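K.L.:
let's see this in three dimensions:
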Amino acid sequence: MSSAAVAAIAFFVAANPPQPVKAQTPPIRAYQPKATTSARDAQILDQQQKSNPSRFDLQKYPLTESNAAHWQESLWAIGVLAPEKDYALQALENVLQMTTAANLTDPQKGIIDTAIQVATQLYTLKPTVYGKLKQHFLRTIDYSTDPQWVAISLAAIAKSAGYPSANISQIQIDKLSLKVQQRFPNWEQDLHLLTTIKNIQSDRQLAKKIPIPNLTDLLKWQIAPQQAHMYVLCRPNRDILCLAVLKDRQGQFVRQNKQFWSAPLLLQSIHNLDWNFSNGRTPQGIYRMEGLTRQPDDEVFHAYGQFALVNLFLPFEDGVNAFLPQQKGKFTGDLQVYQTLLPPTWRNYEPIQQAYLAGTMGRSLFRIHGSGAAIDFFRNKPAVVNTKNFDWNATLGCLSALEIYDDRGSLVKADMPKILNALNTVGKSKIDGFLIVVDVPSPSNEPVTIAEVAKYLAPSALRSNPN
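P.N.:
Numbering: from 1, shown residues only. Below is the predicted model:
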């Protein structure tokens, strides 16, 4: 997540950070007044008011520091509603004109950060409506001195190559990548440029992709002794649900009623951004799992639902008590140290290093959480979430659990109590351990199943747990 969307408080713990709490069985509110039909209608009305054309009047609201929150709220609302209106396109164009401006203040940069993320979302998901944004991405690639804006513009153009309306070929994408390398001679030292260019090259060279190592090696590996390990197994296509399975402190996979414990999670970005950008989809790799973030009241109910959030920490992220159990504080090692946390067969597998690189780039505040927003709150959602998984809401990088309410505000189903109870049980009233995200390719493009996971487990891992 980034400061770019501070105005979108509904998706940022940082904007009003609750306090960590000890693991506990979460209370369940059968009735939530902010989930009623009238409350959700009011939430949409609020977004409609914040995206009203009058709010993008540059004479009334110039792109200055004093209007930063106003612009970020309004741009976020455009991203939520995805209106097929000229004024919305024009608003984004007006802000993207600034990517090549000099002497920008930090608040102005924050406005541009929000705009370029929303622009990526709408251009890549609604190219026929927002196709004119292409010229602004190209101009940014040609003239901006900000490597992150150049990288996200290049990624947006590359994503659009599959759309006939985008009128851009893979050869042109390659030429743009080369132009970026020429404009930034030290591009390999900037992680946003490096990872974006490598992602594009990897997509072009599917045959040369490094095959995923043996999953058995990863599932039986202990990063540290006496620590819980949660594995979140996804498909490369994050429109599809991922599957979480859990290992206790003794290295045994948790079972309930003679079945493996599991929980479905969605790890997709509502902005359709890649893992190497703030608010992009969840990176693969190792996270420290430590404590909870309290959900004390209804202030951010729509963003996170009614249950506590599980804290996840990337390498280099502040706020963790001990990324490694025998070493206080955040992870401070280099890539080689990070690689030693993985089994030998996985240490040179580049995708599993995404968490390390994302932490180096400053991504933070990942959580496992539910959602109190209506399942159709994000109007562009059908373009980023498989229709089979429409009950789950995409996020800005977090791991999204199911949480559904009916029109009267009554809780219908929620997976966070199950997740919190399982972590509380294996941790003996203390949530700590490691979470590992990994994409498992499959020709079927169906979600990972328990039967698929079981094929990779050693017999010793199949014993029942006493819980």
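
K.L.:
from residue 232, how far out is the residue positioned nearest the centre of the chain?
P.N.:
The chain has residue 397 as the residue nearest its centroid, 1.4 Å off, counting by C-alpha atoms, centre = their mean. Between residue 397 and residue 232 the computed distance is 13 Å (C-beta to C-beta, to the nearest Å). All C-beta atoms are positioned from the backbone trio N, CA, C, and that covers glycine.

K.L.:
what does residue 245 give?
P.N.:
Distance of residue 245 to residue 232, given as C-beta to C-beta: 8 Å.

K.L.:
and the strands in the stretch 251-400 of the chain?
P.N.:
In the stretch 251-400 of the chain, the strands defined using DSSP state E, counting those that start in this stretch lie at 255-256, 259-260, 262-265, 285-293, 309-313, 366-369, 399-400.

K.L.:
mean pLDDT, mean neighbour count and distance to residue 168 added to those, as TSV?
P.N.:
Below are the strands of the stretch 251-400 of the chain laid out as TSV (pLDDT from 0 to 100; neighbours: other C-beta atoms under 10 Å; distance: least, C-beta to C-beta, whole Å):
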stretch	mean pLDDT	mean neighbour count	distance to residue 168
strand 255-256	87	14	50
strand 259-260	90	13	45
strand 262-265	97	21	34
strand 285-293	96	24	31
strand 309-313	97	25	36
strand 366-369	97	26	33
strand 399-400	98	27	32
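
K.L.:
so which of these gets nearest residue 447?
P.N.:
Among the strands of the stretch 251-400 of the chain, strand 262-265 comes nearest to residue 447, with 7.3 Å by C-beta to C-beta.

K.L.:
show residues contacting that closest one.
P.N.:
Applying C-beta atoms under 8 Å, 6 or more residues apart in numbering, the contact partners of strand 262-265 are 232, 241-246, 368, 389, 392, 399-402, 415, 418-419, 422, 447, 450, 453.

K.L.:
same check, this time on stretch 411-418
P.N.:
25-26, 28-32, 35, 263-264, 305-308, 368-370, 401-406.

K.L.:
what about that stretch, distance to the chain center?
P.N.:
Mean-position distance between stretch 411-418 and its chain equals 21 Å (C-alpha atoms, centre = their mean, to the nearest Å).

K.L.:
what's the neighbour count on residue 335?
P.N.:
12 (other C-beta atoms under 10 Å).

K.L.:
from one end of stretch 53-63 to the other, what's the distance?
P.N.:
One end of stretch 53-63 sits 15 Å from the other (C-alpha to C-alpha, to the nearest Å).

K.L.:
thinking again about what came up before, which among the contacts of stretch 411-418 count as buried?
P.N.:
Among those, the ones that count as buried by 16 or more other C-beta atoms under 10 Å are 26, 32, 35, 263-264, 305-308, 368-370, 401-405.

K.L.:
pLDDT of the helix or strand where residue 72 lies, averaged?
P.N.:
Following DSSP states H and E, one finds residue 72 within helix 68-81. For helix 68-81, mean pLDDT is 97.

K.L.:
swap in stretch 381-393?
P.N.:
Here the average pLDDT along stretch 381-393 is 93.

K.L.:
now it: how far from the chain's centre is it?
P.N.:
Chain-centre distance of stretch 381-393: 15 Å, with C-alpha atoms, centre = their mean.

K.L.:
CA atoms of it as CSV?
P.N.:
Provided in CSV are the C-alpha atoms of stretch 381-393 (Å, rounded to 0.1, in the frame of the first residue of the first chain):
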residue,chain,number,x,y,z
LYS,A,381,-15.0,-5.9,-10.2
PRO,A,382,-16.3,-8.3,-12.9
ALA,A,383,-13.1,-7.5,-14.9
VAL,A,384,-10.7,-8.5,-12.2
VAL,A,385,-12.5,-11.3,-10.3
ASN,A,386,-13.7,-14.6,-11.7
THR,A,387,-17.5,-14.8,-11.7
LYS,A,388,-17.2,-18.0,-9.6
ASN,A,389,-15.5,-16.0,-6.9
PHE,A,390,-17.6,-12.9,-7.0
ASP,A,391,-18.5,-13.1,-3.3
TRP,A,392,-14.8,-12.2,-2.5
ASN,A,393,-13.7,-8.6,-2.8
